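Visitor: structural data only, the sequence is not supplied:
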């Protein structure tokens, strides 16, 4: 099946699940291959809502691409993020990440290959190490933790007497908002994801540190990067910009080169 085909049979999350269960048993190495993303006529409504947040959204993101999603507040940008991350399934349409069509039987797989860093950091009572290694405490060494902290510009941890064993309090209350964002970024980077999504995740961080973090992310290999941002710097460095308005992709621009700027691929 080509990437542009609609899901059929065992590839369709609403169909026979035998093929899906077979693919779920594949090795971690298999799960790491490919991170292209496809939305096909996706409409989504949050539980309890009477209105769709997304309306027949379709787009493709190539593996390893750097895409910026922008648009007004409440337009549906974060909803796209959570759908890619496997938190929800759409009521209509289909979503594919790598070789996986999103469905109730493979949401957990998408969560394993995708890392989402929202605007609000979610930290818990525990040490720096426990927060960064959340979900993978036995698979990560102290060296892994420190590498991720340095990528996320968590210089302040080096100043702690107990280092990564320092307790940060419930919801990271002992940290500033910028420090909380950096720890959340370190958590996402500690195991290189196939898809990394940042939702205004450096808006509380000083510009020099934000630039360092951005450069570290751009140096990652085999990672599809999606930034949800209004920052001109982020937008101008993206290979493509998707603008979302009222739950629809209203425009799509491709960055051909710094000299040529953006080429409009579609407008609504």
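Guide: Everything's here; your move. Remember, predicted model here, so these are calculated numbers, not experimental data.

Visitor: what residue ranges in this structure score low on pLDDT?
Guide: Residue ranges of the chain with pLDDT under 70: 1-34, 104-105, 137-138, 256-268.

Visitor: buried residues in the host helix or strand of residue 60?
Guide: Per DSSP states H and E, residue 60 falls inside strand 54-61. Neighbour-count burial for strand 54-61, counted by 16 or more other C-beta atoms under 10 Å, picks out 54, 55, 57, 59, 61. Placement of C-beta: from N, CA and C, glycine included.

Visitor: contacts for it next, please.
Guide: 3-4, 36-44, 67, 76, 79-80, 83, 90, 92-93, 224, 226, 240, 242, 246-249, 252 (C-beta atoms under 8 Å, 6 or more residues apart in numbering).

Visitor: and the helices in this structure?
Guide: Counting by DSSP state H, the segments of the chain that form helices are 18-24, 28-31, 77-84, 107-113, 128-132, 142-151, 177-189, 207-218, 232-237.

Visitor: now the strand holding residue 60, how far from the centre of its chain.
Guide: On the basis of C-alpha atoms, centre = their mean, to the nearest Å, strand 54-61 sits 16 Å off its chain's mean C-alpha point.

Visitor: again, but for stretch 205-214
Guide: 18 Å.

Visitor: the nearest residue to residue 144 once chain neighbours are set aside: neighbouring residues, count only.
Guide: Using C-beta to C-beta, 6 or more residues apart in numbering and skipping the chain neighbours, the partner closest in space to residue 144 is residue 190 (5.9 Å). The tally of other residues near residue 190 (other C-beta atoms under 10 Å) stands at 24.

Visitor: over to residue 245?
Guide: Residue 245 is flanked by 15 other residues according to other C-beta under 10 Å.

Visitor: show me the beta-bridge partners of it.
Guide: residue 248 (DSSP bridges).

Visitor: cheers, nothing more for now.
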